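Q: make a model of this:
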Amino acid sequence: MLRNIVIPLVSLMLAGTASAGEWQASIGVADELDDDYAPVATLGYVTDHRFPVEIVGGYIGSRDLAPGEIDPTWFLGTSLRWTGSWWFVGGGVAAVNDQSEVLSSWYQFMTLAGVRKGDWILTVRHLSNASTRGRNRGETFLTLGWAW
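A: Have a look, this model is predicted:
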């Protein structure tokens, strides 16, 4: 199932590189769940269109939650952005490699909001399946990134 979403997302990313756009790399922290935070890292490509398309891959570190440890999670997603001169918001979909009570299905909805100052980007992002399958607490994380 994951292959069914990864191939189209990679194809879209490769098609988007034909237009001028930018790469964005960021690091940050996922919000507390049961007194446990997790490190986060993302790498994405944002097209240069009126409504930019973002292709993003990311890593969310392991968590030590009851009843046991949750393995690190990798995700790949795409979103559509609305941008202003210093802000942006967006929404899209993502696929994750591992399911747990935090992200309980392989598919997730992704929302984001952020601000930009020059090449620096501060982003809040949320992944959740909207409780469409199992208990899904979702992941919310804050990242600071650099664009080039």
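Q: when you work out contacts or count neighbours from here on, use the C-alpha atoms and nothing else.
A: Will do.
Q: so what's the gap between stretch 63-78 and the chain middle?
A: Distance, stretch centre to chain centre, for stretch 63-78: 13 Å (C-alpha atoms, centre = their mean, to the nearest Å).
Q: how far does that stretch stretch from start to finish?
A: 25 Å (C-alpha to C-alpha, to the nearest Å).
Q: check which residues of that stretch are buried.
A: Using 16 or more other C-alpha atoms under 10 Å as the test for burial, stretch 63-78 gives 63, 70, 73-78.
Q: then stretch 41-60?
A: 41-47, 52-60.
Q: what is the helix or strand containing Thr143 packed up against?
A: Element membership of Thr143, judged by DSSP states H and E, is strand 139-147. Where contact means 3 or more C-alpha pairs under 8 Å, 6 or more residues apart in numbering; DSSP states H and E, strand 139-147 is packed against strand 21-33, strand 36-47, strand 120-128.
Q: ok, the last one: who's next to it in the sheet?
A: According to DSSP bridges, strand 120-128 forms sheet pairs with strand 107-117 (antiparallel), strand 139-147 (antiparallel).
Q: tabulate the ones you listed (CSV), appending mean neighbour count.
A: Shown next, in CSV, are those (neighbours: other C-alpha atoms under 10 Å):
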stretch, mean neighbour count
strand 107-117, 19
strand 139-147, 19
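Q: export the ones you listed to TSV and append columns for distance to Ser85 and mean pLDDT.
A: Formatted as TSV, those follow (distance: least, C-alpha to C-alpha, whole Å; pLDDT from 0 to 100):
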stretch	distance to Ser85	mean pLDDT
strand 107-117	8	97
strand 139-147	15	97
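Q: the ones you listed: which one's closest to Val93?
A: Val93 sits nearest to strand 107-117 of all the strands paired with strand 120-128, at 4.5 Å, using C-alpha to C-alpha.
Q: now the strands paired with strand 120-128 in a markdown table, with distance to Trp82?
A: Putting the strands paired with strand 120-128 into a markdown table (distance: least, C-alpha to C-alpha, whole Å) gives the following:
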| stretch | distance to Trp82 |
| --- | --- |
| strand 107-117 | 9 |
| strand 139-147 | 17 |
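Q: list the contacts of stretch 81-95.
A: 2, 5-6, 51-54, 75-80, 106-117, 127 (C-alpha atoms under 8 Å, 6 or more residues apart in numbering).
Q: nothing else from me, thank you.
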